[in-house]
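Visitor: how would this look folded up:
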Amino acid sequence: MEDVAMSDLSAEHANFYERFKSFWAAPSGERVLEIIAPDAVIHFTGAGHMSGRDYAAWMGEALARFEGLAVTPMDSAGNRDMLYIAWEASADMHGERRTYRGVDRFRLRDGMAIEEHVIFDSAVLTPAGRVGIDKGSAG
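Guide: You can find the predicted model right below:
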């Protein structure tokens, strides 16, 4: 599938997006620092923030904890120093395969992310999952 948005990205955004896709093709905690500056601030909606260095360590643990974690970048858009990447993730959690979507908002400087906001419905990570349109509604 061709990425239509690539032609609309600046050279810096397109380069970062390609490196983001490369990271998720073979993710590891150590590789986080290929795209995220060690002193970057990483925000998780509703869960606080951490440094890029701490994020690299956390990612190493998360990859081991979420069996079969796969992230597929789906689309991107850029605006000045900001790059938005929409993605779909899936992993084996709580005895079932779960798939969810999210968006990362990056602030870039010299080709590296100096800030990242990871935005997705984290309820999918809980044992009960998420009740909603695709799971049926409660009540």
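
Visitor: before we move on, which element is the residue most central in space within the chain in?
Guide: Centroid-nearest residue in the chain: residue 104, 5.4 Å away (criterion: Cα atoms, centre = their mean). According to DSSP states H and E, residue 104 maps onto strand 96-109.

Visitor: Parallel or antiparallel, list what pairs with the next helix or strand after that strand.
Guide: Of the helices and strands lying after strand 96-109 in sequence (DSSP H and E), the nearest is strand 112-120. Strand pairing for strand 112-120, determined by DSSP bridges: strand 36-44 (parallel), strand 96-109 (antiparallel).

Visitor: ok, which stretches of this protein are strands?
Guide: Using DSSP state E, the strands of the chain run over 36-44, 49-51, 67-79, 82-93, 96-109, 112-120.

Visitor: Relative to residue 126, which of the ones you listed is closest?
Guide: Nearest to residue 126, of all the strands of the chain, is strand 82-93, at 8.9 Å by Cβ to Cβ. (C-beta placed from N, C-alpha, C; glycine too.)

Visitor: What is the closest one packed up against?
Guide: Identification of packing neighbours for strand 82-93 by 3 or more Cβ pairs under 8 Å, 6 or more residues apart in numbering; DSSP states H and E yields helix 11-25, strand 67-79, strand 96-109.

Visitor: Can you list the neighbours in contact with that strand?
Guide: Under the criterion Cβ atoms under 8 Å, 6 or more residues apart in numbering, residues 9, 13, 16-17, 20, 24, 66-78, 97-108, 120, 124-125 lie in contact with strand 82-93.

Visitor: Pull the distance from that strand to the chain's centre.
Guide: 5 Å (Cα atoms, centre = their mean, to the nearest Å).

Visitor: One more: stretch 40-57?
Guide: With Cα atoms, centre = their mean, you get 12 Å for stretch 40-57.

Visitor: could you give the mean pLDDT of it?
Guide: Throughout stretch 40-57, pLDDT has a mean value of 94.

Visitor: low pLDDT regions in this protein?
Guide: Across the chain, residues meeting the criterion (pLDDT under 70) sit at 1-7, 130-139.

Visitor: Repeat the analysis, applying 50 as the threshold.
Guide: 1-5, 136-139 (pLDDT under 50).
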